[in-house]
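1. Build the 3D model from these lines:
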Amino acid sequence: HAKSTPSKGPRPVKPAKLTINYSSFTELFFSDKAEEEAKAKSALTPGNKRKAVTNILDTKRSSNLEIMLNGLGIKSVEPVRTCVMELDLSSFPLDNLRALMDVYPTDEEKKQLDAFLPGPDTPPLAKGEAFLKDLLTIDRFKQRAQ
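-> Below is the predicted model of the structure:
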């Protein structure tokens, strides 16, 4: 019978020393709000800035118009003009025409859009508003579209 020596098991491993650079840690996780704003502003280089546009209508309405136009793939008023002036539904889908009827400018908005006169120092109208202004050039659009 051989005597067995009791095994001691695995030796405990000493943890490595951990050095924390608190200034880097603070910089990464607790940056100053003013620094963030400065970084955000510097990120907007002249090439990244959006074009200045003129908003006549309510900003939310203008934004919703642009979203709708982009969603429906409407680039210009010309297919709409062809559809209602020549009664050609192949040039513009009927559902899109109904959507335009829903966003047709009110009398007050018509006055505001008609009063806008672009000048050399005036930014152009926002996309949705420019589209509505062009839509107003279609003679009796509402009556024809119904």
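
2. which SSE is the residue nearest to residue 91 when sequence neighbours are not counted in?
-> Residue nearest to residue 91 in three dimensions, not counting chain neighbours: residue 82, with 4.3 Å by C-beta to C-beta, 6 or more residues apart in numbering. Yep, even glycine has a C-beta here, placed from its N, CA and C like the rest. Using DSSP states H and E, residue 82 sits within helix 78-86.

3. For the helix or strand following that helix, which helices and strands make contact with it?
-> Using DSSP H and E, the helix or strand that follows helix 78-86 in sequence is helix 94-102. With contacts taken as 3 or more C-beta pairs under 8 Å, 6 or more residues apart in numbering; DSSP states H and E, helix 94-102 sits against helix 59-72, helix 78-86, helix 141-145.

4. could you give the angle of helix 94-102 to helix 78-86?
-> In terms of direction (axes from the mean of the first three to the mean of the last three C-alpha atoms, to 10 degrees), helix 94-102 departs from helix 78-86 by 90 degrees.

5. ok, and what's touching helix 94-102?
-> Residues from elsewhere that reach helix 94-102, judged by C-beta atoms under 8 Å, 6 or more residues apart in numbering: 68, 72, 74, 80, 83-84, 135, 142, 145-146.
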